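In: Provided below for reference: sequence and predicted model.
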Amino acid sequence: MRQSQEQHSSSSTFPSTHSFFLIPFSFFIFSNRHTHIKQLFNMSMTNANFPMDAEGRTYHVGVKHGELANRIVTVGDPARAIILSRSLDGVDLENTPAKTIPANLFSLSSHRGFLTITGTYKGVPVSIVAIGMGISMMDFFVRECRAVVDGPMIIIRLGSCGSLSNAAVGDVCVPSGSYLVQRNVNYFADHDHSSDEEIDSSDKGTPYSFSKVFKADPEITRTLVKNLKAQLGENHIWSGINATADSFYSSQGRQDENFVDVNQTLFEELLKHEPNTMTLEMETFVLYHLAKTSTSAPLIRMNKSNGNGNSNGMENGSKKKKSNSIRAGACMMVFAQRITNDFITKEDIARVEPMVGKVIFDSLVELPLDSNDGLRPNADGAWEK
């Protein structure tokens with residue numbers, strides 16, 4: 001039996017709007033337009049290759065066709081998503097508490113910790129999706145959102161980062177490209193880390209590996225830089241290369257005496273690999289990588305319960321790839337200056353965060369959706385209700 005959805009009709013406050021860590025969704029009380037998918041796992045799922053329920057809801061993000069716009073801002077912290085949502089059309093700021101999702105917007109939280117808010121900005125449909133932290137969460141988000149949206153998509157990430165450059169805390173960086181930093185687990189194999197014995201690395205390579213750089217969409221990057229400089233001033237906006245790490249600790253060079261990480265020279269190695277490395281964080285590479293590898297159509301949604309042996313869940317005769325259907329960009333607020341060891345204050349976050357969010361919305365509606373692939377963008381959806 002399919003688990004019913006729980007509708008919340010009361011409003012309440014949201015936990016600390018600037019919490020550094022993802023807040024469990026069990027604490028949330030939302031507006032009367034919010035849908036909480038309480039136990040999606042118990043719902044009837046089809047297609048083990050790409051699980052969806054009978055409504056077409058994806059397994060992790062929990063969204064279905066019509067609940068996401070083609071233009072999306074993705075963030076990590078759900079509190080940041082709520083702050084950004086206050087800039088959308090029709091929000092009654094006077095009667096909407098600062099930590100509450102505005103009642104006129106569509107919102108949905110999933111059992112896997114994703115929060116989706118959809119509305120319009122200057123009349124243009126937009127969505128905000130909070131995904132938590134890390135490369136796996138970004139992978140869930142991009143793939144599952146692509147599966148339920150018709151037509152081309154523009155995705156811009158707003159996150160936080162550490163700076164390896166002159167960018168100070170409170171500044172904003174717009175990465176033109178990103179590469180992946182991964183811990184090489186084999187390097188640490190077959191060693192008794194309780195002893196003082198040196199690791200024999202002669203046949204294990206290096207403790208960390210670095211991928212090639214994947215580029216952001218250049219038009220998105222130019223638009224973000226232009227609009228951010230106009231709003232925050234040229235001296236506070238930086239552009240360069242981002243490094244996305246698979247850990248907040250080891251592969252970002254943080255020292256932890258409880259573990260053998262062999263990362264004391266990681267910063268030097270990053271700059272040797274890519275001299276223009278400016279920032280460290282945990283998500284952007286996957287967004288850029290998946291945008292680069294996206295095909296011209298959201299093929300999975302069209303035949304989500306395919307049982308004909310097609311391992312990709314695609315319809316026979318689906319269009320072959322003509323162009324990438326996802327264009328991606330990002331901007332990051334510097335929370336940690338890794339060279340000087342400074343960390344941002346909550347007052348600076350409260351000042352910068354909403355300004356950068358508004359610039360991203362302005363940039364999103366300024367950027368055109370490329371419909372050359374013959375796919376019509378979502379014609380109606382949650383923003384129309």
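Out: Now that the structure is in, tell me what you want to look at. This is a predicted model, so every value here is computed, not measured. Numbering: from 1, shown residues only.
In: can you pull out the strands in the stretch 51-200 of the chain?
Out: 52-53, 71-75, 106-109, 115-121, 124-130, 153-163, 172-183 (DSSP state E, counting those that start in this stretch).
In: nearest to residue 274, of the ones you listed?
Out: strand 172-183 (6.2 Å; CB to CB). In short, each C-beta sits where N, CA and C put it, glycine included.
In: That closest one to strand 153-163, inter-axis angle?
Out: Using axes from the mean of the first three to the mean of the last three CA atoms, to 10 degrees, the inter-axis angle of strand 172-183 relative to strand 153-163 is 80 degrees.
In: Direction included, what does strand 172-183 pair up with?
Out: According to DSSP bridges, strand 172-183 forms sheet pairs with strand 208-210 (antiparallel), strand 214-215 (antiparallel), strand 237-245 (parallel), strand 326-337 (antiparallel).
In: Now do it, average pLDDT.
Out: For strand 172-183, mean pLDDT is 98.
In: count of residues packed around residue 61?
Out: Neighbourhood size, residue 61 [other CB atoms under 10 Å]: 29.
In: what do you get for residue 289?
Out: So residue 289, with other CB under 10 Å, has 22 neighbours.
In: Not counting its neighbours along the chain, what's nearest it?
Out: Spatial nearest neighbour of residue 289, excluding adjacent residues (CB to CB, 6 or more residues apart in numbering): residue 214 at 4.9 Å.
In: Report pLDDT for that neighbour.
Out: So residue 214 comes in at 98 (pLDDT).
In: what does residue 145 give?
Out: pLDDT, read off for residue 145, is 93.
In: How many residues are close by it?
Out: Residue 145, neighbours per other CB under 10 Å, totals 27.
In: Same question for residue 212.
Out: Considering only other CB under 10 Å, residue 212 is surrounded by 10 other residues.
In: quick one, phi/psi of residue 98?
Out: Backbone torsions for residue 98, taken as degrees, to the nearest 10, come to phi -60, psi -30.
In: Ok, residue 261 next?
Out: Dihedral angles (degrees, to the nearest 10) for residue 261: phi -110, psi -20.
In: Least confident of the strands of the stretch 51-200 of the chain, on average?
Out: strand 52-53 (a mean of 83).
In: Which per-residue confidence value corresponds to the closest residue to residue 143 other than its chain neighbours?
Out: Nearest residue to residue 143, sequence neighbours excluded (CB to CB, 6+ apart): residue 290, at 7.1 Å. pLDDT recorded at residue 290 is 97.
In: Cross-check the contact I'm expecting between residue 290 and residue 139.
Out: Yes: in this structure, residue 290 is within contact of residue 139 by CB atoms under 8 Å, at 7.1 Å.
In: Mind checking which of those two has more residues around it?
Out: Set residue 290 next to residue 139 and count neighbours by other CB under 10 Å: residue 290 wins out with 20 against 17.
In: Now do the contacts for the more buried one.
Out: 138-139, 142-143, 326, 328 (CB atoms under 8 Å, 6 or more residues apart in numbering).
In: Present these as JSON lines; the columns should include distance to residue 275.
Out: Shown next, in JSON lines, are the contacts of residue 290 (distance: CB to CB, whole Å):
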{"residue": "138", "distance to residue 275": "26"}
{"residue": "139", "distance to residue 275": "28"}
{"residue": "142", "distance to residue 275": "29"}
{"residue": "143", "distance to residue 275": "32"}
{"residue": "326", "distance to residue 275": "28"}
{"residue": "328", "distance to residue 275": "23"}
